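Participant: this one's sequence-less:
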């Protein structure tokens, strides 16, 4: 009886301090996906809106830390908004418009109890009747990817206890977004600029875990691109490992933390572990093309080329985020090349380089594809461009790191490297 009195008194004291949604919050939070409205100007609009609604429902239902109310259940009472507000924490609302040449989907997440808009996004695709399913997939991914990340931010609170955290939130978002924007074309110079931005932001706010995670993720890209020397790479890996271990303890379900950890494991050739971590990132954002690319990369090194090809192609069907588009295009081309399908590899490699021409490594792979399809002059030109971007590259240094790679992967890369040498890559 005394113990019960203590518990009751403790709750009474805590009640004014704790927010009501923390005391009584449903576990997990419920998201009602409302039927996407169409503009009514096109008979195809209703069918397209229904397909998009279904795909959004299925996608959000895959997210680990929420439950989803299907549209017909949310609207069963005849007043969909009232029904969902009574039974759900959040609503996903949206409208589909059909222009002369495109479909545009606008969507938002709304807090059901208050009507407060939590996130707004719009996505557009070409109105291509030849591939309606691809259009649906990209529309849904375009809004789903952004809204899933925003929902993750809402449900995964920051682990920072710094008094300045609240005032610094806008600043760290700007720093991260500017850094990511600066590496859209992924040249060494842009990488350096992005790294400098994040290092300065972290120096200004050294306890900001979000910026530290963004810096670690960026630097892992630098390691994957071999833009650090051996000693510097080892130091970067050590700092990134410490940062990510702390971040995982603080925010184990955070998409940026899981993405950065997945990239770290991939960049350090821990491929089996990276598959697990990337899959967890997908469980909070099913449309995450960056996580899919890293899964495909792990499958490549494990010798599972057909699986990797399917994974990269899935990322291409989603095409989110657009800044990473060149990676899964390169992935599809790489998978084809490693399986000896050089003719099929060519258009994917060409499209990747058209987006991001500054890596050099892609040009060497393109040269191998040209060489093995009998286009010797184009192969030599691709080698020359690769050497311009990566001077001093030779047979030994062109190899990606093969630690923990399967014998199947190593043998396939040997064939690709030999094709690059045949196209004019120096032996030494």
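Facilitator: Happy to help now that I have it. Keep in mind the model is a prediction, meaning the values are calculated, not measured.
Participant: can you show me the strands along this protein?
Facilitator: For the chain, the strands defined by DSSP state E occupy 30-33, 37-38, 67-69, 90-98, 102-111, 117-126.
Participant: ranking the ones you listed by burial, who's on top?
Facilitator: strand 30-33 (a mean of 24; mean count of other C-beta atoms under 10 Å). Any C-beta I mention is one placed from the backbone N, CA and C, and that applies to glycine too.
Participant: tell me which strands that one pairs with, and in which orientation.
Facilitator: strand 67-69 (parallel), strand 90-98 (parallel) (DSSP bridges).
Participant: hmm, back to that, got TSV for the strands of the chain, with mean pLDDT and distance to residue 316 too?
Facilitator: Below are the strands of the chain laid out as TSV (pLDDT from 0 to 100; distance: least, C-beta to C-beta, whole Å):
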stretch	mean pLDDT	distance to residue 316
strand 30-33	95	25
strand 37-38	91	27
strand 67-69	93	26
strand 90-98	95	23
strand 102-111	95	18
strand 117-126	94	13
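Participant: make TSV out of the ones you listed and add distance to residue 146.
Facilitator: Converted to TSV, the strands of the chain look like this (distance: least, C-beta to C-beta, whole Å):
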stretch	distance to residue 146
strand 30-33	15
strand 37-38	19
strand 67-69	17
strand 90-98	12
strand 102-111	9
strand 117-126	4
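Participant: quick one: closest of the strands paired with strand 30-33 to residue 204.
Facilitator: Smallest distance to residue 204 across the strands paired with strand 30-33 (C-beta to C-beta): 33.6 Å, for strand 90-98.
Participant: for that closest one, the distance to its chain's centre please.
Facilitator: Relative to its chain's centre, strand 90-98 lies at 23 Å (C-alpha atoms, centre = their mean, to the nearest Å).
Participant: run through who's touching it.
Facilitator: Strand 90-98 has contacts (C-beta atoms under 8 Å, 6 or more residues apart in numbering) with 29-34, 36-39, 41-42, 44-45, 48-49, 52, 56, 60, 74, 81, 84-85, 103-112, 118, 127, 139, 143, 147, 151.
Participant: read off the pLDDT value for the most centrally placed residue in the chain.
Facilitator: For the chain, residue 290 is the residue whose C-alpha lies nearest the centre (C-alpha atoms, centre = their mean; 3.2 Å). In this model, residue 290 is scored at 92, pLDDT.
Participant: and what of residue 176?
Facilitator: So, for residue 176, pLDDT stands at 64.
Participant: remind me which residues of the protein are low pLDDT?
Facilitator: 1-26, 72-86, 129, 157-186 (pLDDT under 70).
Participant: domain ranges for it?
Facilitator: Structural domains assigned to the chain are 24-155, 168-268, 293-428, following automatic domain parsing.
Participant: could you report the neighbour count for residue 265?
Facilitator: A total of 23 residues lie near residue 265 under the criterion other C-beta atoms under 10 Å.
Participant: give the contact list for it.
Facilitator: 271, 273-274, 277.
Participant: hmm, back to that, need the domains of the chain in JSON lines (columns: distance to residue 282).
Facilitator: Below are these laid out as JSON lines (distance: least, C-beta to C-beta, whole Å):
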{"stretch": "domain 24-155", "distance to residue 282": "8"}
{"stretch": "domain 168-268", "distance to residue 282": "9"}
{"stretch": "domain 293-428", "distance to residue 282": "8"}
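Participant: so which of those gets nearest residue 283?
Facilitator: domain 24-155 (4.3 Å).
Participant: and the helices in the stretch 101-250 of the chain, which stretches?
Facilitator: Along the stretch 101-250 of the chain, counting by DSSP state H, counting those that start in this stretch, helices occupy 132-155, 165-182, 188-204, 209-224, 230-250.
Participant: out of those, indicate the one that is most buried.
Facilitator: Using mean count of other C-beta under 10 Å, the stretch among the helices of the stretch 101-250 of the chain with the largest mean neighbour count is helix 209-224, at a mean of 24.
Participant: how much does that one deviate in direction from helix 230-250?
Facilitator: Orientation note: helix 209-224 sits at an angle of 140 degrees relative to helix 230-250 (axes from the mean of the first three to the mean of the last three C-alpha atoms, to 10 degrees).
Participant: what's helix 209-224 packed up against?
Facilitator: Secondary-structure packing of helix 209-224 (3 or more C-beta pairs under 8 Å, 6 or more residues apart in numbering; DSSP states H and E): helix 165-182, helix 188-204, helix 230-250, helix 255-267.
Participant: quick check: which of these is nearest to residue 70?
Facilitator: Taking these one by one with C-beta to C-beta, helix 255-267 is closest: 24.1 Å.
Participant: returning to that earlier point: dump the helices and strands packed on helix 209-224 into TSV; add distance to residue 321 as well.
Facilitator: Output for those, formatted as TSV (distance: least, C-beta to C-beta, whole Å):
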stretch	distance to residue 321
helix 165-182	9
helix 188-204	15
helix 230-250	20
helix 255-267	11
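Participant: now do stretch 232-251: distance to the chain's middle.
Facilitator: 19 Å.
Participant: got a list of what residue 68 touches?
Facilitator: Per C-beta under 8 Å, 6+ apart, neighbours of residue 68: 30-33, 57, 60-61.
Participant: quote the end-to-end distance of stretch 312-324.
Facilitator: 12 Å (C-alpha to C-alpha, to the nearest Å).
Participant: pull out the buried positions in it.
Facilitator: For stretch 312-324, burial by neighbour count (16 or more other C-beta atoms under 10 Å) applies to 312-321, 323-324.
Participant: likewise stretch 365-377?
Facilitator: 365-373, 375.
Participant: from residue 423, how far off is residue 384?
Facilitator: Distance, residue 384 to residue 423, by C-beta to C-beta, to the nearest Å: 10 Å.
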